[in-house]
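> pasting the structure only:
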């Protein structure tokens with residue numbers, strides 16, 4: 001006979017319960033989640049520095065070669081280089097944030113099911129799922145853009161102010177509906193290792209009948225994030241008011257740098273909260289739809 005680790009106590013959760021378990025998972029390994037969140041930001045900064053140095057060096061070399069007024073071709077080449085830098089930077093940022101999300105989801109899933117996980121293991125899981133997560137995000141983006149385009153094309157054909165107003169309201173409502181329907185798609189991509197299209201379909205089925213709960217969780221997370229931002233802004237606003245008169249340009253510069261660093265730190269600390277919440281929500285939907293709690297309990301029984 002071989003005993004297995006007891007299954008975690010899962011049950012259908014309310015909106016408040018989802019947030020409570022989210023912070024419980026976070027508290028179980030805070031350094032793990034903060035480390036996974038921070039490492040991708042560090043990689044992003046390093047990539048941006050390398051790209052910026054490459055573009056700057058190229059532009060400097062071009063200016064060094066020229067002896068007269070830049071020609072239109074040279075100006076066009078400089079503009080194309082800047083646009084290329086922006087495009088590459090955006091793509092790299094999206095890919096790295098996809099990897100960050102995937103690694104946080106992997107760590108959250110393992111901790112929620114009472115399994116141990118190391119930062120290296122979660123990092124590799126993030127790298128493995130980043131491409132599929134990126135493609136899923138592109139599909140969601142295209143779907144939402146398509147909805148907005150269709151509604152406003154119809155409004156333009158009608159060419160009435162009321163039609164544009166209704167199109168705007170309908171676009172917001174449909175976008176929120178799609179966001180609620182596909183919220184757990186990234187979790188499906190990571191945990192179930194599905195492709196983008198299959199993951200979106202799976203998330204849609206899991207979310208059926210639970211979209212109001214999903215919307216409520218999103219609203220609560222947004223409120224919590226806003227409260228954190230207001231607190232940070234209030235703290236630095238108080239320091240600025242206390243400094244008041246006689247503040248030098250150097251002191252203002254140091255204050256701005258410190259505020260940016262604190263905002264970055266708060267972003268790094270907050271990112272795991274959202275992805276842990278989405279992971280807990282994914283398991284809650286499986287408990288409600290597929291009796292996942294019973295499945296885990298059966299798997300935990302001693303087996304011959």
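That came through fine. Note that the structure is a prediction, hence the values are computed from the model and not measured.
> Packing partners of the helix or strand in which residue 171 is found?
Residue 171 is located in helix 161-181, with elements delineated by DSSP states H and E. Counting contacts by 3 or more CB pairs under 8 Å, 6 or more residues apart in numbering; DSSP states H and E, helix 161-181 is packed against helix 119-158, helix 196-207, helix 211-243. For the C-beta atoms, the positions are set from N, CA and C on the backbone; glycine is no exception.
> Mind giving me the packing neighbours of the shortest one?
Same thing as helix 196-207. Helix 196-207 packs on helix 119-158, helix 161-181, helix 185-191, helix 249-290, going by 3+ CB pairs under 8 Å, 6+ apart.
> same thing with the longest one?
Under the contact definition 3+ CB pairs under 8 Å, 6+ apart, helix 119-158 sits against helix 30-65, helix 72-112, helix 161-181, helix 185-191, helix 196-207.
> so how far is the last one from its chain's centroid?
What that stands for is helix 196-207. Offset of helix 196-207 from its chain centre (CA atoms, centre = their mean, to the nearest Å): 18 Å.
> by how many degrees do that helix and helix 119-158 diverge?
Relative orientation of helix 196-207 versus helix 119-158 (axes from the mean of the first three to the mean of the last three CA atoms, to 10 degrees): 80 degrees.
> coming back round to it: which one of the helices and strands packed on helix 161-181 is the most hemmed in?
Per residue and on average, the most neighbours among the helices and strands packed on helix 161-181 fall to helix 196-207, with a mean of 19 (mean count of other CB atoms under 10 Å).
> what's the angle between it and helix 161-181?
Put simply, helix 196-207 runs at 90 degrees to helix 161-181, going by the same axes, to 10 degrees.
> sorry, back to before: quick one, which of the helices and strands packed on helix 196-207 gets closest to residue 91.
Nearest to residue 91 among these is helix 119-158 (8.8 Å), distances taken as CB to CB.
> average model confidence for that closest one?
Average pLDDT, helix 119-158: 91.
> Could you check the angle that helix makes with helix 72-112?
Taking the same axes, to 10 degrees, one finds helix 119-158 and helix 72-112 inclined to each other by 120 degrees.
> re earlier: adding distance to residue 21, write the helices and strands packed on helix 161-181 out as a markdown table.
Formatted as a markdown table, these follow (distance: least, CB to CB, whole Å):
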| stretch | distance to residue 21 |
| --- | --- |
| helix 119-158 | 19 |
| helix 196-207 | 17 |
| helix 211-243 | 12 |
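> Of these, give the one that comes closest to residue 288.
Closest to residue 288 of those is helix 196-207 (CB to CB; 8.7 Å).
> residues making contact with that closest one?
Helix 196-207 has contacts (CB atoms under 8 Å, 6 or more residues apart in numbering) with 132, 135-136, 138-140, 180-189, 192, 194, 214, 282, 285-286, 289.
> same deal with stretch 162-182?
The contact list for stretch 162-182 (CB under 8 Å, 6+ apart) reads 140, 143-144, 147-148, 151-152, 154-155, 200, 203-204, 207, 211, 214-215, 218.
> Identify each buried residue in it, please.
Under the neighbour-count criterion of 16 or more other CB atoms under 10 Å, stretch 162-182 has 163, 164, 167, 170, 171, 174, 175, 178, 180, 181, 182 buried.
> residues in contact with residue 37?
Applying CB under 8 Å, 6+ apart, the residues contacting residue 37 are 100, 104, 268, 269, 271, 272.
> err, residue 107, not the other one
29, 32, 33, 36, 117, 119, 122.
> Closest one of those to residue 50?
Among those, and counting by CB to CB, the member closest to residue 50 is residue 36, at 22.2 Å.
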